[in-house]
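Asker: Give me a model of this one.
(one chain, ligands or ions: 1)
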Amino acid sequence: MNLQITSFEDYQEKYQHSVEDPEGFWAEIAQNFYWRKPWKKTLEWNFETAETKWFKGGKMNITENALDRHLATRGDQPAIVFEPNDPSDESTTLTYKVLHERVCTFANVLKKHGVQKGDRICIYMPMIPELAIAVLACARIGAIHSVVFGGFSAQSIADRINDAQCNLVITADGSFRGNKSIPLKSTMDDALIQCPSVKKVIVATRTRVPVSMLKGRDLWWEEEVKTVSSVCPAEEMDAEDILFILYTSGSTGKPKGVVHTCGGYMIYSTYTFANVFQYQEGQTHFCTADIGWITGHSYIVYGPLCYGATTLLFEGVPTYPDAGRFWDIVTKHKVDILYTAPTAIRSLMGFGDEFVEGKDLSSLKVLGSVGEPINEEAWHWYNEKVGHKNCPIVDTWWQTETGGLMISPIANVTPTKPSYATLPLPGVQPLLVDEKGDELVGNGVSGNLCIRFPWPGIIRTTYGDHERCVQTYFSTYKGLYFTGDGCLRDEDGYYRITGRVDDVINVSGHRIGTAEVENAINMHLGVVESAIVGYPHDIKGQGIYAYIIMDKEQEDIDLTRRDILATVTRIIGPIAKPDKIQFVSGLPKTRSGKIMRRILRKVAEGETSNLGDISTLLDPNVVAEIIDGMVK
Ligand code: WT7
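Answerer: Predicted structure coming up:
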């Protein structure tokens, strides 16, 4: 499969072609994949109704592209290299042949328990090969996977399972992360009390902690795979059948189930993988994300495997056993491409250069960054200490909703600039608009980032609630997809993402909805009201600052603080815990009752003057109190 752009001129030509004739452009790329039946129509779209269909009528199965088609040419090459949490445990390699066999076997287990095309399956697992196998086994038989990140609480799992009405769950006894062992099955058991739709639970073993196994419902993975054959023909899918649901937070309400479909997502994740990282045959690609996020879906599992690459799956954390773990993995597995998040870079930077200096990083060719803006200091450290000024850094901007990379340099093709995602990939047509929705033309402008034309990886709907998809992404600016991000286009036409312009906080590259955290806090006994804002955090990018009103004076305010953190952990998960809590007697509200977050944000940032006009506040006195009690 030859999809790669080879020079900047080539990029410019392809980009031009993709704008002038998007359908022709993508149809040509799609020809490189294996289709059982060709598509009838390349593209149908309407941004007013949020309907996009790519390659309609085309019949395929993504696992035939990710597995079967490689068997003849690279069956014995490593597909997945697994690096366990504990470096003294052995790493394992699954060749394409072995992975194919294990996916087919597990797909038969799912079938044996009645799973059919279109059924929703919740996957809640550690970063072990069985997770990738579970994902691919669902895709093999046309079941829709909904992977839930292993750090989410029972309540969050239950919300996701119930929203998608999953009938089967795949989990594990527990997970190893650093020196911790996390009991996944027991969290799942707590969730399932609220989930009547779930009839079967398949449990892989990892930590082998004691787990309760309910007769008639719970099954051991190890036992089940012994009972079925390893031959499983792939289900024939339409390009527009759903491949997966992945929940993500927004500015309002509960997390939305972002829906991606089989054909377009396959083409887009693979095309962007091949190009941006310029993967070469035989290389090892190490994406440090968790498969519980879109980055893992697209750049650990689907993109690399469809391209026939070797993808490294790391179970642990960057700081275990010490802050040199990533570099040890690079040395050990001769990693060529490293794709990680700015928060990880900043955190490792903080441990000191002695963990990276002297490590053999000579195999590295390309470095990637994703999830949040990368500050210049981190960019330079990554470039110098990790890349030895020899590896291009691709700062990749995209979202759960976009399925794949959108604005990003192409390694060794696009000249880079620290903290810039640089230029749109072929097929991506970004524009900046002002508050009124008027397009900002020319260079040297800042505004809200929108996209004016569909690409194959675009979100198809929000599961079970299409209107929400229309409202969230296609209504703010008529006829455009709105990203929720602010962006600068500089004099060279280069794009720099400046961060969310809505009520979404980006904590360590994870999206946290302010409303969600507020709802969790408000569930705590004695809480009257709360308001959440983000503030700049040295390592996490943004931290969570909570302003909370209690019904009465608290005897032990520190204990109350910790109790509230426990509630947030229980309702959402530890990633949503506020970094700072300030108890207040009132919130700055306008006469119509709207909280003026602008003021709260400023105070959280440590800014106490220049708060702007506060005369429209119902009670301007609360501002002085808030400044007074500011948590540093
Ligand atoms: C939001 C999407 C899909 C990547 C993982 C996060 C922010 C993502 C960058 C970047 C600046 C970035 C945006 C975006 N973001 N990549 N390279 N530079 N900001 O996916 O959870 O869907 O979050 O992450 O704000 O909207 P996500």
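
Asker: Please make it C-alpha for all contacts and neighbour counts, starting now.
Answerer: OK.

Asker: how close does the residue lying closest to Y463 once chain neighbours are set aside sit to L480?
Answerer: Computed as CA to CA, 6 or more residues apart in numbering, the closest residue to Y463 that is not its neighbour in sequence is G257, at 5.0 Å. To L480, G257 is 21 Å away according to CA to CA, to the nearest Å.

Asker: burial measure for the residue nearest to Y463, as a count.
Answerer: 24 (other CA atoms under 10 Å).

Asker: quick one: it and L246 touch, right?
Answerer: Yes. Counting by CA atoms under 8 Å, G257 touches L246, with 5.3 Å between them.

Asker: for the record, mean pLDDT for the longest helix seen in the chain?
Answerer: For the chain, the longest helix by residue count, based on DSSP state H, is helix 96-112. On average, the pLDDT along helix 96-112 is 98.

Asker: Which positions in the helix or strand that it is followed by come out as buried?
Answerer: Once the chain leaves helix 96-112, the next helix or strand it forms, by DSSP states H and E, is strand 120-124. For strand 120-124, a neighbour-count test (16 or more other CA atoms under 10 Å) marks R120, I121, C122, I123, Y124 as buried.

Asker: Give the pairing partners of strand 120-124; include direction for each.
Answerer: strand 144-147 (parallel), strand 168-172 (parallel) (DSSP bridges).

Asker: Include distance to the ligand, mean pLDDT and mean neighbour count when you put those strands into a markdown table, please.
Answerer: Output for these, formatted as a markdown table (distance: least, CA to the nearest ligand atom, whole Å; pLDDT from 0 to 100; neighbours: other CA atoms under 10 Å):
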| stretch | distance to the ligand | mean pLDDT | mean neighbour count |
| --- | --- | --- | --- |
| strand 144-147 | 14 | 98 | 27 |
| strand 168-172 | 22 | 98 | 26 |
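
Asker: Run through the neighbouring helices and strands of the helix or strand hosting V568.
Answerer: Here V568 is covered by helix 557-571, with elements defined by DSSP H and E. Helix 557-571 makes packing contacts with helix 154-164, helix 514-522 when contacts are defined by 3 or more CA pairs under 8 Å, 6 or more residues apart in numbering; DSSP states H and E.

Asker: Which residues of the stretch 201-350 of the chain lie near the ligand?
Answerer: Within the stretch 201-350 of the chain, the residues that sit near the ligand (CA under 6 Å from any ligand atom) are I294, T295.

Asker: can you give me the strands in the stretch 201-350 of the chain?
Answerer: 218-220, 237-238, 242-248, 256-261, 284-287, 310-314, 337-340 (DSSP state E, counting those that start in this stretch).

Asker: Can you spell out which helices and strands pack onto the last one?
Answerer: Pointing back at strand 337-340 there. strand 284-287, strand 366-370.

Asker: Let's have the ones you listed in a markdown table, adding mean neighbour count, distance to D218 and mean pLDDT.
Answerer: Putting those into a markdown table (neighbours: other CA atoms under 10 Å; distance: least, CA to CA, whole Å; pLDDT from 0 to 100) gives the following:
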| stretch | mean neighbour count | distance to D218 | mean pLDDT |
| --- | --- | --- | --- |
| strand 284-287 | 27 | 32 | 98 |
| strand 366-370 | 24 | 37 | 98 |
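
Asker: what's the offset of the longest helix of the chain from the middle of its chain?
Answerer: 26 Å (CA atoms, centre = their mean, to the nearest Å).

Asker: Between strand 168-172 and that helix, find me the angle.
Answerer: Per axes from the mean of the first three to the mean of the last three CA atoms, to 10 degrees, the angle that helix 96-112 makes with strand 168-172 is 130 degrees.

Asker: now what about helix 96-112, what contacts it?
Answerer: The contact list for helix 96-112 (CA atoms under 8 Å, 6 or more residues apart in numbering) reads 67-68, 70-71, 74-80, 133-134, 136-138, 140-141, 224-225, 227-233.

Asker: what does the stretch 351-500 of the chain put close to the ligand?
Answerer: Residues of the stretch 351-500 of the chain lying near the ligand (CA under 6 Å from any ligand atom): 370-373, 395-400, 421, 485, 497, 499-500.

Asker: Among those, which one is most surrounded by other residues?
Answerer: The most neighbours of any of those, using other CA under 10 Å, belong to D395, which has 34 neighbours.

Asker: what about stretch 470-486, average pLDDT?
Answerer: 97.

Asker: what residues go with each domain of the chain?
Answerer: 8-317+396-487, 508-628 (automatic domain parsing).

Asker: would you turn those into CSV with distance to G350?
Answerer: Shown next, in CSV, are the domains of the chain (distance: least, CA to CA, whole Å):
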stretch, distance to G350
domain 8-317+396-487, 15
domain 508-628, 8
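
Asker: Least confident of these, on average?
Answerer: domain 508-628 (a mean of 94).

Asker: Now do the helices in the stretch 451-600 of the chain.
Answerer: With DSSP state H, counting those that start in this stretch, the ranges of helices along the stretch 451-600 of the chain come out as 466-474, 514-522, 557-571, 597-604.

Asker: Buried residues, the third one. List them.
Answerer: The reference is to helix 557-571. T560, R561, I564, L565, A566, T567, V568, T569, R570, I571.

Asker: And T569, how far from T252?
Answerer: Distance, T569 to T252, using CA to CA: 19 Å.

Asker: Check V115 too.
Answerer: 33 Å.

Asker: So which of the two has more stuff around it?
Answerer: Using other CA under 10 Å as the criterion, V115 and T252 rank with V115 on top: 21 against 15.

Asker: List the contacts of the more buried one.
Answerer: Shown in contact with V115 (CA under 8 Å, 6+ apart): A143, L168.

Asker: redo that, cut-off 10 Å
Answerer: A107, N108, V109, I121, C138, I141, G142, A143, N167, L168, K200 (CA atoms under 10 Å, 6 or more residues apart in numbering).

Asker: Same check on P183?
Answerer: G150, A172, D173, G174, S175, F176, T207, R208, V209, P210, V211.

Asker: The host helix or strand of L94 pairs with which strands?
Answerer: Assigned by DSSP H and E, L94 belongs to strand 92-95. Paired with strand 92-95 in the same sheet, following DSSP bridges, are strand 78-83 (antiparallel).

Asker: what's the angle between the partner strand and strand 310-314?
Answerer: 20 degrees.

Asker: Name the surrounding residues that touch strand 78-83.
Answerer: So strand 78-83 is contacted by 66-67, 70, 89-100, 127-129, 132, 282, 284-286, 300-301, 304-305, 308-316, 329, 332-333 (CA under 10 Å, 6+ apart).
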